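**Q** sequence and predicted structure are below.
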Amino acid sequence: MRVVLKATLDTEKSSEAIRQGKLPELIKGTMERIKPEAAYFMPDEGQRSCVFVFDMQDSSDLPSLAEPFFLQLGAKVEVSPVMNLDDLQKGLSQLG
């Protein structure tokens, strides 16, 4: 299922991760693991944030994806199913 994962990073913990060189490692590891179709990095409401759009094979993958953001960066993590235009059109075609 295609999902969007948004991580809003704790400023203090993410600043320390940057100083220690751990933030680039975490992002690189995440990217290699999920192979996102899109990844964006931005400030959101004054905090470092990142958004990944990717295909999650199984919901049991969620803990291993989210925990590094929680544990290392004190992040707030949100995951939501999403559709592209083809998915939307397919879904709408199934309506009575």
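**A** Received the coordinates, thanks. From a predicted model like this one, the values you see are computed outputs, not experimental measurements.
**Q** please make it C-alpha for all contacts and neighbour counts, starting now.
**A** Noted.
**Q** isn't Lys76 up against Thr11?
**A** No: Lys76 lies out of contact with Thr11 (CA atoms under 8 Å); the separation is 11.4 Å.
**Q** contact partners for the closest residue to Met56 other than its chain neighbours?
**A** Among residues not flanking Met56 along the chain, Met1 sits closest, at 5.4 Å (CA to CA, 6 or more residues apart in numbering). Going by CA atoms under 8 Å, 6 or more residues apart in numbering, Met1 touches Asp55, Met56, Gln57, Asp58, Pro81.
**Q** over to Gly74?
**A** Gly74 sits next to Leu9, Asp10, Lys13, Ser14 when contact means CA under 8 Å, 6+ apart.
**Q** contacts only, for the third one.
**A** Lys13 sits next to Gln72, Leu73, Gly74 when contact means CA under 8 Å, 6+ apart.
**Q** can you check Ala66 too?
**A** Val77.
**Q** starting at the chain centroid, how far to the host helix or strand of it?
**A** For Ala66, the host element (DSSP states H and E) is helix 62-73. From the chain centre to the centre of helix 62-73 is a distance of 10 Å (CA atoms, centre = their mean, to the nearest Å).
**Q** try stretch 46-59
**A** Worked out by CA atoms, centre = their mean, stretch 46-59 lies 1 Å from the chain centre.
**Q** same question for that stretch, mean pLDDT?
**A** Per-region confidence: stretch 46-59 scores 96 on mean pLDDT.
**Q** buried ones in it?
**A** Using 16 or more other CA atoms under 10 Å as the burial criterion, the residues of stretch 46-59 that qualify are Arg48, Ser49, Cys50, Val51, Phe52, Val53, Phe54, Asp55, Met56.
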